[in-house]
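Trainee: Structure for the following, please:
(2 chains)
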Number of protein chains: 2
Amino acid sequence: MSTYTTSELNQVKRGPKRAVYDVEEINNILDAGFVGHVSYNYKGKAICLPMAYGRIENKIYLHGSLKNRMLLALLEAKEASMTIMHLDALVLARSGFHHSVNYRSATLFTSITEVEDREEKKTALKCVLDHMIPGRWDTLRPMNLKELNSTLVLEMEIQTASAKIRDVGVQDEKSDLEFPVWAGIVPLKQVAKLPVKDALLPRQIRTPKHVVTYYKKHKA
Amino acid sequence: MSTYTTSELNQVKRGPKRAVYDVEEINNILDAGFVGHVSYNYKGKAICLPMAYGRIENKIYLHGSLKNRMLLALLEAKEASMTIMHLDALVLARSGFHHSVNYRSATLFTSITEVEDREEKKTALKCVLDHMIPGRWDTLRPMNLKELNSTLVLEMEIQTASAKIRDVGVQDEKSDLEFPVWAGIVPLKQVAKLPVKDALLPRQIRTPKHVVTYYKKHKA
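Mentor: Here you go, the predicted structure:
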(Lines give C-alpha, C1' and ligand atoms only; values in the text may rest on other atoms or scores of the structure.)
Protein backbone atom coordinates (compact mmCIF):
# COMPACT_ATOMS: atom_id res chain seq x y z
CA MET A 1 0.00 0.00 0.00
CA SER A 2 1.62 3.25 -1.12
CA THR A 3 0.75 6.79 -0.15
CA TYR A 4 1.41 10.21 -1.65
CA THR A 5 4.05 12.33 0.03
CA THR A 6 2.55 15.34 1.76
CA SER A 7 3.87 18.86 1.44
CA GLU A 8 2.42 22.30 1.98
CA LEU A 9 0.77 21.93 -1.43
CA ASN A 10 -1.40 18.88 -0.84
CA GLN A 11 -1.64 18.59 2.95
CA VAL A 12 -5.25 18.77 4.10
CA LYS A 13 -5.49 21.50 6.73
CA ARG A 14 -9.21 21.70 7.49
CA GLY A 15 -10.67 18.45 8.83
CA PRO A 16 -7.39 16.46 8.76
CA LYS A 17 -9.22 13.42 10.16
CA ARG A 18 -10.95 13.13 6.81
CA ALA A 19 -7.69 13.33 4.84
CA VAL A 20 -6.62 10.49 2.56
CA TYR A 21 -3.22 10.12 0.88
CA ASP A 22 -3.43 6.45 0.03
CA VAL A 23 -2.84 5.83 -3.69
CA GLU A 24 -5.39 3.03 -3.98
CA GLU A 25 -8.13 4.94 -2.17
CA ILE A 26 -7.51 7.97 -4.38
CA ASN A 27 -7.56 5.76 -7.49
CA ASN A 28 -10.93 4.43 -6.35
CA ILE A 29 -12.27 8.00 -6.28
CA LEU A 30 -10.86 8.64 -9.76
CA ASP A 31 -12.33 5.44 -11.16
CA ALA A 32 -15.79 6.09 -9.70
CA GLY A 33 -16.35 9.03 -12.08
CA PHE A 34 -15.30 10.20 -15.51
CA VAL A 35 -15.63 14.00 -15.29
CA GLY A 36 -13.36 16.14 -13.13
CA HIS A 37 -12.63 19.83 -12.82
CA VAL A 38 -9.26 20.89 -14.25
CA SER A 39 -7.79 24.21 -13.06
CA TYR A 40 -5.68 26.59 -15.11
CA ASN A 41 -4.41 30.12 -15.05
CA TYR A 42 -5.69 32.60 -17.61
CA LYS A 43 -3.90 35.95 -17.38
CA GLY A 44 -3.34 35.41 -13.65
CA LYS A 45 -6.91 34.29 -12.96
CA ALA A 46 -7.55 30.74 -11.75
CA ILE A 47 -10.37 29.08 -13.68
CA CYS A 48 -11.61 25.50 -13.67
CA LEU A 49 -13.61 23.60 -16.25
CA PRO A 50 -15.18 20.16 -16.29
CA MET A 51 -13.31 17.60 -18.40
CA ALA A 52 -13.74 13.93 -19.20
CA TYR A 53 -10.73 11.85 -18.23
CA GLY A 54 -9.35 8.37 -18.17
CA ARG A 55 -6.69 6.78 -15.98
CA ILE A 56 -3.88 4.32 -16.68
CA GLU A 57 -1.89 3.68 -13.48
CA ASN A 58 -0.61 7.07 -12.27
CA LYS A 59 -1.45 8.87 -15.51
CA ILE A 60 -4.61 10.77 -16.36
CA TYR A 61 -5.56 11.55 -19.96
CA LEU A 62 -7.47 14.57 -21.25
CA HIS A 63 -8.40 15.45 -24.80
CA GLY A 64 -9.90 18.30 -26.73
CA SER A 65 -9.63 20.52 -29.74
CA LEU A 66 -6.22 21.68 -30.93
CA LYS A 67 -7.38 25.23 -30.09
CA ASN A 68 -8.75 24.50 -26.60
CA ARG A 69 -7.65 27.47 -24.50
CA MET A 70 -7.35 25.53 -21.28
CA LEU A 71 -5.41 22.62 -22.74
CA LEU A 72 -2.97 25.01 -24.44
CA ALA A 73 -2.49 26.93 -21.19
CA LEU A 74 -1.81 23.68 -19.33
CA LEU A 75 0.76 22.64 -21.93
CA GLU A 76 2.52 25.94 -21.50
CA ALA A 77 2.41 25.72 -17.68
CA LYS A 78 3.70 22.10 -17.85
CA GLU A 79 1.69 21.33 -14.69
CA ALA A 80 -1.92 21.10 -13.68
CA SER A 81 -4.30 20.36 -10.88
CA MET A 82 -7.57 18.45 -11.11
CA THR A 83 -10.35 17.77 -8.63
CA ILE A 84 -12.83 14.91 -8.80
CA MET A 85 -15.77 14.94 -6.40
CA HIS A 86 -18.66 12.58 -5.72
CA LEU A 87 -21.57 13.77 -3.62
CA ASP A 88 -22.96 10.97 -1.45
CA ALA A 89 -25.45 12.50 1.00
CA LEU A 90 -26.91 15.58 2.64
CA VAL A 91 -26.07 15.54 6.35
CA LEU A 92 -28.91 17.30 8.16
CA ALA A 93 -27.90 18.19 11.72
CA ARG A 94 -29.82 19.87 14.52
CA SER A 95 -27.85 23.11 14.13
CA GLY A 96 -26.94 24.90 10.92
CA PHE A 97 -23.30 24.80 12.02
CA HIS A 98 -23.10 21.00 11.87
CA HIS A 99 -24.78 20.58 8.52
CA SER A 100 -22.51 18.92 6.03
CA VAL A 101 -22.42 16.61 3.05
CA ASN A 102 -20.96 13.17 2.67
CA TYR A 103 -18.58 13.13 -0.25
CA ARG A 104 -15.42 11.72 -1.78
CA SER A 105 -13.14 14.35 -3.26
CA ALA A 106 -9.62 13.98 -4.67
CA THR A 107 -7.26 16.71 -5.84
CA LEU A 108 -4.33 15.76 -8.07
CA PHE A 109 -1.19 17.75 -8.79
CA THR A 110 0.33 16.63 -12.05
CA SER A 111 2.87 17.28 -14.74
CA ILE A 112 1.53 17.86 -18.25
CA THR A 113 2.90 16.56 -21.54
CA GLU A 114 1.38 16.26 -24.98
CA VAL A 115 0.86 12.76 -26.32
CA GLU A 116 2.13 12.94 -29.90
CA ASP A 117 2.75 9.37 -31.01
CA ARG A 118 -0.27 8.14 -32.99
CA GLU A 119 -0.58 4.78 -31.29
CA GLU A 120 -0.16 6.33 -27.85
CA LYS A 121 -2.83 8.90 -28.72
CA LYS A 122 -5.23 6.15 -29.72
CA THR A 123 -4.50 4.27 -26.51
CA ALA A 124 -5.16 7.42 -24.47
CA LEU A 125 -8.43 8.17 -26.30
CA LYS A 126 -9.59 4.57 -25.85
CA CYS A 127 -8.78 4.95 -22.16
CA VAL A 128 -10.91 8.11 -21.84
CA LEU A 129 -13.84 6.58 -23.72
CA ASP A 130 -13.76 3.22 -21.97
CA HIS A 131 -13.46 5.04 -18.65
CA MET A 132 -16.83 6.66 -19.43
CA ILE A 133 -18.43 3.37 -20.53
CA PRO A 134 -16.26 0.25 -20.42
CA GLY A 135 -16.04 -1.90 -23.50
CA ARG A 136 -17.36 0.63 -26.01
CA TRP A 137 -14.25 1.65 -27.96
CA ASP A 138 -13.75 -1.68 -29.70
CA THR A 139 -17.33 -1.67 -31.05
CA LEU A 140 -17.01 1.71 -32.82
CA ARG A 141 -16.16 2.84 -36.31
CA PRO A 142 -12.36 3.07 -36.03
CA MET A 143 -10.83 6.50 -35.64
CA ASN A 144 -9.43 7.99 -38.83
CA LEU A 145 -6.29 10.03 -39.32
CA LYS A 146 -8.13 13.33 -39.76
CA GLU A 147 -9.88 12.87 -36.41
CA LEU A 148 -6.67 11.82 -34.72
CA ASN A 149 -4.77 14.80 -36.10
CA SER A 150 -7.42 17.27 -34.97
CA THR A 151 -7.41 16.00 -31.38
CA LEU A 152 -5.05 17.28 -28.71
CA VAL A 153 -4.26 14.65 -26.08
CA LEU A 154 -2.58 15.52 -22.79
CA GLU A 155 -0.99 13.19 -20.28
CA MET A 156 -1.12 14.26 -16.64
CA GLU A 157 1.32 12.28 -14.52
CA ILE A 158 0.25 12.46 -10.88
CA GLN A 159 3.07 13.94 -8.79
CA THR A 160 1.13 14.13 -5.58
CA ALA A 161 -2.49 14.13 -4.45
CA SER A 162 -4.79 14.24 -1.51
CA ALA A 163 -8.39 13.34 -0.91
CA LYS A 164 -11.08 13.98 1.64
CA ILE A 165 -13.82 11.54 2.45
CA ARG A 166 -16.77 12.12 4.75
CA ASP A 167 -18.96 9.08 5.17
CA VAL A 168 -20.42 9.29 8.65
CA GLY A 169 -23.77 10.41 9.98
CA VAL A 170 -24.88 13.52 11.83
CA GLN A 171 -22.38 14.79 14.41
CA ASP A 172 -24.26 17.17 16.65
CA GLU A 173 -23.36 18.83 19.92
CA LYS A 174 -24.51 16.69 22.84
CA SER A 175 -26.43 19.67 24.16
CA ASP A 176 -28.48 19.75 20.94
CA LEU A 177 -29.65 16.14 20.98
CA GLU A 178 -32.97 16.98 22.64
CA PHE A 179 -33.73 19.91 20.33
CA PRO A 180 -37.03 19.04 18.59
CA VAL A 181 -35.88 18.85 14.98
CA TRP A 182 -35.46 15.90 12.64
CA ALA A 183 -31.84 14.97 11.98
CA GLY A 184 -30.42 12.41 9.60
CA ILE A 185 -28.96 11.96 6.16
CA VAL A 186 -30.45 11.97 2.68
CA PRO A 187 -28.32 9.69 0.47
CA LEU A 188 -27.59 11.06 -3.01
CA LYS A 189 -26.49 9.09 -6.04
CA GLN A 190 -25.88 9.75 -9.70
CA VAL A 191 -27.90 7.15 -11.54
CA ALA A 192 -28.44 6.09 -15.14
CA LYS A 193 -31.90 5.96 -16.64
CA LEU A 194 -33.02 3.69 -19.50
CA PRO A 195 -30.85 4.15 -22.61
CA VAL A 196 -32.62 5.96 -25.48
CA LYS A 197 -31.59 4.79 -28.95
CA ASP A 198 -30.79 7.24 -31.72
CA ALA A 199 -33.79 7.84 -34.00
CA LEU A 200 -31.68 6.90 -37.03
CA LEU A 201 -30.56 3.55 -35.63
CA PRO A 202 -31.38 0.63 -38.00
CA ARG A 203 -34.06 -1.55 -36.41
CA GLN A 204 -32.01 -4.72 -36.32
CA ILE A 205 -29.36 -3.24 -33.99
CA ARG A 206 -30.10 -4.29 -30.42
CA THR A 207 -28.79 -2.61 -27.26
CA PRO A 208 -25.32 -4.13 -26.81
CA LYS A 209 -24.02 -5.85 -23.73
CA HIS A 210 -21.70 -2.99 -22.66
CA VAL A 211 -24.63 -0.52 -22.60
CA VAL A 212 -26.88 -2.94 -20.71
CA THR A 213 -24.08 -3.63 -18.23
CA TYR A 214 -23.54 0.10 -17.69
CA TYR A 215 -27.24 0.68 -17.15
CA LYS A 216 -27.60 -2.21 -14.69
CA LYS A 217 -24.57 -1.05 -12.72
CA HIS A 218 -25.74 2.58 -12.46
CA LYS A 219 -29.54 2.40 -12.35
CA ALA A 220 -31.34 3.65 -9.25
CA MET B 1 -34.12 39.41 -20.43
CA SER B 2 -30.57 40.46 -19.56
CA THR B 3 -27.32 38.90 -20.67
CA TYR B 4 -23.75 39.01 -19.43
CA THR B 5 -21.33 41.11 -21.43
CA THR B 6 -18.77 38.99 -23.24
CA SER B 7 -15.06 39.67 -23.22
CA GLU B 8 -11.97 37.60 -23.85
CA LEU B 9 -12.37 36.25 -20.32
CA ASN B 10 -15.80 34.65 -20.56
CA GLN B 11 -16.40 34.22 -24.28
CA VAL B 12 -16.92 30.57 -25.19
CA LYS B 13 -14.48 29.69 -27.97
CA ARG B 14 -14.99 25.97 -28.44
CA GLY B 15 -18.53 25.02 -29.48
CA PRO B 16 -19.90 28.60 -29.55
CA LYS B 17 -23.30 27.28 -30.63
CA ARG B 18 -23.69 25.85 -27.13
CA ALA B 19 -22.76 29.12 -25.42
CA VAL B 20 -25.19 30.84 -23.06
CA TYR B 21 -24.82 34.35 -21.63
CA ASP B 22 -28.41 34.86 -20.53
CA VAL B 23 -28.63 35.78 -16.83
CA GLU B 24 -31.81 33.80 -16.17
CA GLU B 25 -30.56 30.67 -17.89
CA ILE B 26 -27.32 30.86 -15.93
CA ASN B 27 -29.25 31.39 -12.69
CA ASN B 28 -31.24 28.25 -13.50
CA ILE B 29 -27.98 26.29 -13.69
CA LEU B 30 -26.84 27.76 -10.36
CA ASP B 31 -30.14 26.99 -8.67
CA ALA B 32 -30.23 23.38 -9.91
CA GLY B 33 -27.28 22.45 -7.65
CA PHE B 34 -25.67 23.48 -4.41
CA VAL B 35 -22.02 22.44 -4.84
CA GLY B 36 -19.68 24.16 -7.28
CA HIS B 37 -15.94 24.19 -7.87
CA VAL B 38 -14.20 27.38 -6.77
CA SER B 39 -10.78 28.16 -8.27
CA TYR B 40 -7.92 29.92 -6.53
CA ASN B 41 -4.22 30.53 -6.89
CA TYR B 42 -1.83 28.98 -4.40
CA LYS B 43 1.74 30.10 -5.01
CA GLY B 44 1.04 30.53 -8.70
CA LYS B 45 -0.74 27.17 -9.05
CA ALA B 46 -4.41 27.13 -9.99
CA ILE B 47 -6.40 24.77 -7.75
CA CYS B 48 -10.14 24.21 -7.47
CA LEU B 49 -12.16 22.75 -4.62
CA PRO B 50 -15.83 21.83 -4.25
CA MET B 51 -17.83 24.27 -2.12
CA ALA B 52 -21.46 24.56 -1.08
CA TYR B 53 -23.04 27.83 -2.14
CA GLY B 54 -26.23 29.82 -2.08
CA ARG B 55 -27.47 32.60 -4.37
CA ILE B 56 -29.34 35.84 -3.74
CA GLU B 57 -29.85 37.71 -7.01
CA ASN B 58 -26.38 38.28 -8.52
CA LYS B 59 -24.52 37.32 -5.35
CA ILE B 60 -23.15 33.93 -4.39
CA TYR B 61 -22.29 33.06 -0.78
CA LEU B 62 -19.58 30.72 0.46
CA HIS B 63 -18.63 29.86 4.01
CA GLY B 64 -15.93 28.00 5.87
CA SER B 65 -13.49 28.05 8.72
CA LEU B 66 -11.65 31.26 9.55
CA LYS B 67 -8.45 29.43 8.59
CA ASN B 68 -9.66 28.00 5.27
CA ARG B 69 -6.69 28.42 2.92
CA MET B 70 -8.80 28.85 -0.19
CA LEU B 71 -11.21 31.39 1.29
CA LEU B 72 -8.29 33.45 2.65
CA ALA B 73 -6.56 33.35 -0.74
CA LEU B 74 -9.76 34.50 -2.46
CA LEU B 75 -10.14 37.37 0.01
CA GLU B 76 -6.61 38.48 -0.76
CA ALA B 77 -7.14 38.19 -4.52
CA LYS B 78 -10.45 40.11 -4.23
CA GLU B 79 -11.79 38.09 -7.16
CA ALA B 80 -12.74 34.52 -7.89
CA SER B 81 -14.09 32.14 -10.46
CA MET B 82 -16.53 29.31 -9.88
CA THR B 83 -17.88 26.55 -12.10
CA ILE B 84 -21.12 24.65 -11.56
CA MET B 85 -21.79 21.60 -13.73
CA HIS B 86 -24.66 19.15 -14.05
CA LEU B 87 -24.15 15.95 -15.99
CA ASP B 88 -27.30 14.96 -17.88
CA ALA B 89 -26.43 12.09 -20.23
CA LEU B 90 -23.78 10.00 -21.93
CA VAL B 91 -23.94 10.60 -25.68
CA LEU B 92 -22.84 7.39 -27.39
CA ALA B 93 -22.07 7.99 -31.05
CA ARG B 94 -20.97 5.63 -33.80
CA SER B 95 -17.42 7.00 -33.76
CA GLY B 96 -15.26 7.78 -30.74
CA PHE B 97 -14.79 11.29 -32.10
CA HIS B 98 -18.48 12.18 -31.75
CA HIS B 99 -18.93 10.81 -28.26
CA SER B 100 -19.97 13.50 -25.85
CA VAL B 101 -22.00 14.19 -22.74
CA ASN B 102 -25.10 16.27 -22.26
CA TYR B 103 -24.51 18.80 -19.52
CA ARG B 104 -25.23 22.25 -18.16
CA SER B 105 -22.12 24.10 -17.02
CA ALA B 106 -21.76 27.72 -15.86
CA THR B 107 -18.57 29.61 -15.04
CA LEU B 108 -18.82 32.77 -12.97
CA PHE B 109 -16.26 35.55 -12.62
CA THR B 110 -16.86 37.45 -9.41
CA SER B 111 -15.56 39.99 -6.97
CA ILE B 112 -14.96 38.79 -3.40
CA THR B 113 -15.75 40.56 -0.15
CA GLU B 114 -16.06 39.33 3.41
CA VAL B 115 -19.50 39.54 5.01
CA GLU B 116 -18.82 40.97 8.46
CA ASP B 117 -22.14 42.30 9.74
CA ARG B 118 -23.75 39.66 12.03
CA GLU B 119 -27.22 39.88 10.56
CA GLU B 120 -25.88 39.78 7.01
CA LYS B 121 -23.76 36.77 7.91
CA LYS B 122 -26.83 34.96 9.25
CA THR B 123 -28.78 35.83 6.11
CA ALA B 124 -25.95 34.48 3.95
CA LEU B 125 -25.66 31.26 5.96
CA LYS B 126 -29.45 30.74 5.82
CA CYS B 127 -29.19 31.26 2.06
CA VAL B 128 -26.50 28.56 1.71
CA LEU B 129 -28.37 26.07 3.89
CA ASP B 130 -31.79 26.65 2.35
CA HIS B 131 -30.19 26.42 -1.08
CA MET B 132 -29.14 22.87 -0.17
CA ILE B 133 -32.57 21.96 1.25
CA PRO B 134 -35.28 24.65 1.18
CA GLY B 135 -37.12 25.44 4.38
CA ARG B 136 -34.67 23.84 6.80
CA TRP B 137 -32.95 26.84 8.46
CA ASP B 138 -36.03 28.03 10.36
CA THR B 139 -36.53 24.59 11.96
CA LEU B 140 -33.04 24.41 13.48
CA ARG B 141 -31.53 25.25 16.84
CA PRO B 142 -30.64 28.93 16.23
CA MET B 143 -27.02 29.77 15.52
CA ASN B 144 -25.07 31.08 18.52
CA LEU B 145 -22.49 33.82 18.63
CA LYS B 146 -19.54 31.44 19.02
CA GLU B 147 -20.55 29.60 15.84
CA LEU B 148 -21.15 32.83 13.98
CA ASN B 149 -17.79 34.25 15.02
CA SER B 150 -15.92 31.14 13.95
CA THR B 151 -17.40 31.15 10.44
CA LEU B 152 -15.93 33.06 7.54
CA VAL B 153 -18.57 34.15 5.03
CA LEU B 154 -17.67 35.45 1.58
CA GLU B 155 -19.86 37.27 -0.90
CA MET B 156 -19.10 36.73 -4.58
CA GLU B 157 -20.76 39.33 -6.76
CA ILE B 158 -21.04 38.06 -10.31
CA GLN B 159 -19.24 40.41 -12.69
CA THR B 160 -19.64 38.28 -15.75
CA ALA B 161 -20.37 34.67 -16.61
CA SER B 162 -20.88 32.20 -19.37
CA ALA B 163 -22.44 28.80 -19.66
CA LYS B 164 -22.46 25.89 -22.02
CA ILE B 165 -25.41 23.59 -22.48
CA ARG B 166 -25.53 20.45 -24.58
CA ASP B 167 -28.93 18.81 -24.65
CA VAL B 168 -29.26 17.12 -28.00
CA GLY B 169 -28.83 13.56 -29.15
CA VAL B 170 -26.12 11.80 -31.10
CA GLN B 171 -24.65 13.85 -33.94
CA ASP B 172 -22.79 11.45 -36.18
CA GLU B 173 -21.24 11.82 -39.60
CA LYS B 174 -23.76 10.88 -42.30
CA SER B 175 -21.27 8.39 -43.65
CA ASP B 176 -21.31 6.57 -40.29
CA LEU B 177 -25.07 6.05 -40.02
CA GLU B 178 -24.92 2.55 -41.47
CA PHE B 179 -22.03 1.42 -39.30
CA PRO B 180 -23.35 -1.55 -37.29
CA VAL B 181 -23.06 -0.18 -33.76
CA TRP B 182 -25.71 0.92 -31.29
CA ALA B 183 -25.93 4.69 -30.84
CA GLY B 184 -28.02 6.69 -28.41
CA ILE B 185 -27.95 8.43 -25.08
CA VAL B 186 -27.94 7.18 -21.50
CA PRO B 187 -29.63 9.82 -19.31
CA LEU B 188 -27.92 10.51 -15.99
CA LYS B 189 -29.44 12.12 -12.94
CA GLN B 190 -28.44 12.82 -9.38
CA VAL B 191 -31.20 11.41 -7.23
CA ALA B 192 -32.06 11.30 -3.53
CA LYS B 193 -32.71 8.01 -1.78
CA LEU B 194 -34.92 7.49 1.28
CA PRO B 195 -33.86 9.73 4.20
CA VAL B 196 -32.18 7.85 7.06
CA LYS B 197 -32.88 9.28 10.50
CA ASP B 198 -30.13 9.79 13.07
CA ALA B 199 -29.87 6.88 15.51
CA LEU B 200 -30.21 9.31 18.42
CA LEU B 201 -33.42 10.91 17.17
CA PRO B 202 -36.26 10.80 19.76
CA ARG B 203 -39.00 8.46 18.54
CA GLN B 204 -41.75 11.06 18.48
CA ILE B 205 -40.00 13.24 15.87
CA ARG B 206 -41.41 12.46 12.42
CA THR B 207 -39.79 13.29 9.09
CA PRO B 208 -40.70 16.94 8.49
CA LYS B 209 -42.37 18.33 5.41
CA HIS B 210 -39.24 20.02 4.01
CA VAL B 211 -37.34 16.70 4.02
CA VAL B 212 -40.25 14.81 2.45
CA THR B 213 -40.62 17.54 -0.19
CA TYR B 214 -36.89 17.36 -0.98
CA TYR B 215 -37.03 13.57 -1.30
CA LYS B 216 -40.10 13.60 -3.53
CA LYS B 217 -38.58 16.24 -5.78
CA HIS B 218 -35.26 14.43 -6.18
CA LYS B 219 -36.10 10.72 -6.01
CA ALA B 220 -35.43 8.55 -9.05
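Trainee: What is the neighbour count of the spatially closest residue to A:Val12 that is not a sequence neighbour?
Mentor: Excluding the flanking residues, the one nearest A:Val12 by CB to CB, 6 or more residues apart in numbering or on different chains is A:Ala19, at 3.7 Å. For every residue, glycine as well, the C-beta is placed using N, CA and C. A:Ala19 is flanked by 16 other residues according to other CB atoms under 10 Å in any protein chain shown.
Trainee: Go ahead and confirm A:Ala19 touches A:Tyr4.
Mentor: No - the criterion here is CB atoms under 8 Å, and A:Ala19 misses it with A:Tyr4 at 10.7 Å.
Trainee: Give the residues shared as contacts by those two.
Mentor: Residues touching both A:Ala19 and A:Tyr4 (CB atoms under 8 Å, 6 or more residues apart in numbering or on different chains) are A:Ser162.
Trainee: Secondary structure element holding the closest residue to A:Asn10 other than its chain neighbours?
Mentor: Leaving aside its chain neighbours, A:Asn10 sits nearest to A:Ser162 (4.3 Å; criterion: CB to CB, 6+ apart). Using DSSP states H and E, A:Ser162 sits within strand A:151-166.
Trainee: Could you do A:Gln11 as well?
Mentor: For A:Gln11, there is no helix or strand it lies in under DSSP H and E.
Trainee: what's the answer for A:Val128, then?
Mentor: helix A:118-132.
Trainee: How is the residue sitting furthest away from the middle of chain A assigned, secondary-structure-wise?
Mentor: In chain A, counting by CA atoms, centre = their mean, A:Glu178 sits farthest out from the average C-alpha position, at 39.9 Å. Following DSSP: H, G, I helix; E, B strand; the rest coil, A:Glu178 is assigned to coil.
Trainee: Hmm, B:Leu201 and it touching each other?
Mentor: No - counting by CB under 8 Å, A:Glu178 does not reach B:Leu201; the two are 10.5 Å apart.
Trainee: Secondary structure element for the closest residue to A:Gln159 other than its chain neighbours, which one?
Mentor: Nearest residue to A:Gln159 in three dimensions, chain neighbours excluded: A:Phe109, at 5.3 Å (CB to CB, 6+ apart). According to DSSP H and E, A:Phe109 maps onto strand A:100-114.
Trainee: Pull up the gap between A:His63 and A:Glu157, please.
Mentor: Noted for A:His63: a distance of 16 Å to A:Glu157, by CB to CB, to the nearest Å.
Trainee: Those two: which is more packed in?
Mentor: The neighbour count for A:His63 versus A:Glu157, taken as other CB under 10 Å, is higher for A:His63 (22 against 14).
Trainee: can you give me phi and psi for that one?
Mentor: When read as degrees, to the nearest 10, the backbone of A:His63 gives phi -150, psi 160.
Trainee: Please work out how many residues are found near the nearest residue to it once chain neighbours are set aside.
Mentor: In space, and not counting its chain neighbours, A:His63 is closest to A:Val153: 4.9 Å by CB to CB, 6+ apart. Close neighbours of A:Val153, defined as other CB under 10 Å, add up to 23.
Trainee: Least confident secondary structure element in chain A?
Mentor: strand A:19-20 (a mean of 90; mean pLDDT, DSSP states H and E).
Trainee: Let me see the ranges of the helices in chain A.
Mentor: Remark: helices assigned in chain A by DSSP state H are A:23-31, A:69-77, A:118-132, A:145-149, A:209-218.
Trainee: Which one of those lies nearest to chain B?
Mentor: Closest approach to chain B among the helices of chain A is made by helix A:145-149 (4.3 Å; CB to the nearest CB).
Trainee: Could you see whether chain B lies near that closest one?
Mentor: Yes - Helix A:145-149 reaches chain B (CB under 8 Å from any CB of the partner chain) through A:Glu147.
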